[in-house]
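> need a 3D model of the sequence below.
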Amino acid sequence: MNEIDEKTAELAIMLTEYFRNMESRIAPEIDAGILDNRFTMLLGNLRDSFTTFQAVAEALKLGISESSVKRFLRNGGRDFIMKESHGRYRKI
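Residues are numbered from 1 along each chain as shown. I've put the predicted structure just below:
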């Protein structure tokens, strides 16, 4: 188990190249601030000013996990929201 055969190395390179290709396809969308449809719907369902609790409650109705919506809020919603204070956000 201390050695990797040539076929395994080739497969690992192919897998790495696959993920690099996928990243290059979505990177422009991320940079442009394009939201996933679920998060677009989430923002549409929230008031202009909202709390974490309200965002999580609405997200769960849309099938978005609590951890995903909290990560979305923490990362600034890709420039669509801003944090006003602890647990309070406003749409931009």
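> going forward, measure contacts between C-alpha atoms and count neighbours the same way
OK.
> quick check: phi and psi at the spatially most central residue of the chain.
The residue lying closest to the centre of the chain (C-alpha atoms, centre = their mean) is Phe72, at 6.0 Å. For Phe72, the backbone dihedrals (degrees, to the nearest 10) come out as phi -60, psi -50.
> can you check Lys70 too?
Per-residue torsions, Lys70: phi -70, psi -40 (degrees, to the nearest 10).
> how close does it sit to Tyr89?
Separation of Lys70 from Tyr89 (C-alpha to C-alpha, to the nearest Å): 12 Å.
> shared neighbours of the two, anything?
Thr52 (C-alpha atoms under 8 Å, 6 or more residues apart in numbering).
> what about these two, which has more around it?
A direct count of neighbours by other C-alpha atoms under 10 Å for Lys70 and Tyr89 places Tyr89 higher, at 20 against 17.
> so what's the more buried one closest to, chain neighbours aside?
Lys83 (4.5 Å; C-alpha to C-alpha, 6 or more residues apart in numbering).
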